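Peer 1: Pasted the sequence and its predicted model underneath.
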Amino acid sequence: MPVDVGARVAIPAAPTIETVRALAEHCSNWGRWGPDDELGTLNFIAPADIVAAASLVRDGRTFSLSIPLDDAGPQTGGFGRFNPIHLMIRDGNAAVTETVVRDFYGGRDRWIRGTDDVLILPLQSGTQWDALGHIVFEKKIYNGYPATDVGSRGAIRNDIAKARAKVVGRGVLLDVPRSKGRAWLDAGEAITAADLEECARLQAVTVGRGDIVLVRTGQLGHCRADGAWGDYAGGSAPGLGLDAVGWIRDHEIAALATDTWGAEVLPNQTEDVFQPLHIILIVHMGLLLGEIFDLEALAADCAQDGRYEFFFSAPPLPITGAVGSPVNPIAIK
């Protein structure tokens, strides 16, 4: 049986780095799948789970959970992250005015012309997965590898490309604000284990081993209603609290994603350490963590038909050495 983290580690009213260390130790998966593992909790997804997940497709309705990759995104420059920059290197005007080099097509250019473009972006500027090499804690990354395994040219361990064929299976949406009769959670509101459990109960859905869990806070929908991102990127936000760690561990989920910039509640519950759940979940648990997922349309559909489980596919781009990746997650019902 999985370790019941919540029962083993008392979370004080004012948690500190010592609380983070204790939770990290008790939920650590270092060595669980061998000394060379770089997949972490994605190991929970078995081939039979994918076959079973495929049976959840009944109507063929698809939902993209990605925000657009464009210059209207939420980034404001923090952590060096800016919104995507899309440039044309060959456009239709060049084709019409014949400014394309005439021998580009090897002399066979009587009829055909082409357009091409380029995208410049931080890999975590939009809807994205954090790789297991993304977070360093006390000079280590997931599975105890040294932080120096992530060098100036990328990660030689725990890069996002390892997950390129793994993020597919049963998806479960936990619509926390709707379970509370609200449109969205408040900024700074922490999601607890009891919140997740009660949400699943009210939705009549069971979360189990190998599931990919999507937690809606409603923050992205709140920004959309306001017509502006505001301080979405790094500002006060609802999100997972330290108390949720035991629930995540006990259910042996494969991956978790939310609709916020940083997944966990902001301001953080620990005054002496930033983003403590990233340390616990990514570095020690080896959990694939997704952020900035647009869950609004899916949540509305789930509320309408009462089905909060679906076939889910969200493989990262196979970018060698990358510690994050843009993704276009697809839920199919």
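Peer 2: Great, that's in hand. Numbering: from 1, shown residues only.
Peer 1: Which helix or strand lies directly C-terminal to the helix or strand where Val51 lies?
Peer 2: Using DSSP states H and E, Val51 maps to helix 47-54. Helices and strands here follow DSSP H and E; after helix 47-54, the next one along the chain is strand 62-64.
Peer 1: So what are the sheet partners of that next one and their directions?
Peer 2: Counting by DSSP bridges, the strands paired with strand 62-64 are strand 330-332 (antiparallel).
Peer 1: and Ile248, what helix or strand is that in?
Peer 2: helix 245-250.
Peer 1: other SSEs contacting that helix?
Peer 2: The contact analysis (3 or more C-beta pairs under 8 Å, 6 or more residues apart in numbering; DSSP states H and E) places helix 245-250 against helix 5-8, helix 17-27, helix 193-203. In short, each C-beta sits where N, CA and C put it, glycine included.
Peer 1: quick one: average pLDDT of the second one?
Peer 2: I take that to be helix 17-27. Averaging pLDDT along helix 17-27 yields 95.
Peer 1: outside of it, which residues touch it?
Peer 2: 3, 5, 8-9, 11-12, 137, 242, 245-246, 249, 270, 272-273, 276, 279-280, 283-285 (C-beta atoms under 8 Å, 6 or more residues apart in numbering).
Peer 1: picking that back up, quick one: average confidence on the helix holding Ile248?
Peer 2: 96.
Peer 1: What residues of that helix count as buried?
Peer 2: Buried residues in helix 245-250, counting neighbours by 16 or more other C-beta atoms under 10 Å, are found at 245-250.
Peer 1: so where's the stretch 101-250 of the chain shaky on pLDDT?
Peer 2: Along the stretch 101-250 of the chain, the parts satisfying pLDDT under 70 run over 101-111.
Peer 1: Run through the helices of it in chain order.
Peer 2: In the stretch 101-250 of the chain, the helices defined using DSSP state H, counting those that start in this stretch lie at 176-179, 193-203, 219-226, 245-250.
Peer 1: Beta-bridge partners for the residue most central in space within the chain, please?
Peer 2: The centre of the chain sits closest to Gly290, judged by C-alpha atoms, centre = their mean, with a distance of 0.6 Å. Using DSSP bridges, the bridge partners assigned to Gly290 are Trp129, Ala257.
Peer 1: before we move on, back to that, the contacts of helix 17-27, buried ones only, as a ChimeraX selection?
Peer 2: Listed next is the ChimeraX selection for buried residues among the contacts of helix 17-27, using 16+ other C-beta under 10 Å:
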select :5,9,11,137,242,245,246,249,270,273,276,279,280,283,284,285
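Peer 1: Go through the contacts of helix 17-27 and flag which are in strands.
Peer 2: Assignment to strands by DSSP state E places none of those there.
Peer 1: re earlier: what does the helix holding Val51 contact?
Peer 2: Applying C-beta under 8 Å, 6+ apart, the contact partners of helix 47-54 are 168-171, 209-210, 311-312.
Peer 1: let's see 6 Å
Peer 2: The contact list for helix 47-54 (C-beta atoms under 6 Å, 6 or more residues apart in numbering) reads 168-170, 210, 311.
Peer 1: Which members of the buried residues of helix 245-250 are the farthest-apart pair?
Peer 2: Pairwise distances across the buried residues of helix 245-250 peak at 9.5 Å for Val245 and Asp250 (criterion: C-beta to C-beta).
Peer 1: What residue spans form the domains of this structure?
Peer 2: For the chain, the domain assignment from automatic domain parsing gives the residue ranges 5-77+122-332, 85-120.
Peer 1: what's the most buried one of those domains?
Peer 2: Among those, the stretch with the highest mean neighbour count (mean count of other C-beta atoms under 10 Å) is domain 5-77+122-332, at a mean of 19.
Peer 1: now it, how far from the centre of its chain.
Peer 2: How far domain 5-77+122-332 lies from its chain's middle: 5 Å, per C-alpha atoms, centre = their mean, to the nearest Å.
Peer 1: sorry, back to before: pretty sure the residue nearest to the centre of the chain is touching Ala257, no?
Peer 2: Yes. Taking C-beta atoms under 6 Å as the definition, Gly290 is a contact partner of Ala257 at 2.8 Å.
Peer 1: so how far is Val57 from Ala263?
Peer 2: For Ala263, the distance to Val57 equals 28 Å [C-beta to C-beta, to the nearest Å].
Peer 1: Glu18 now?
Peer 2: In terms of C-beta to C-beta, Glu18 sits 46 Å off from Val57.
Peer 1: cool, Arg113 as well?
Peer 2: For Arg113 relative to Val57 (C-beta to C-beta), the value is 40 Å.
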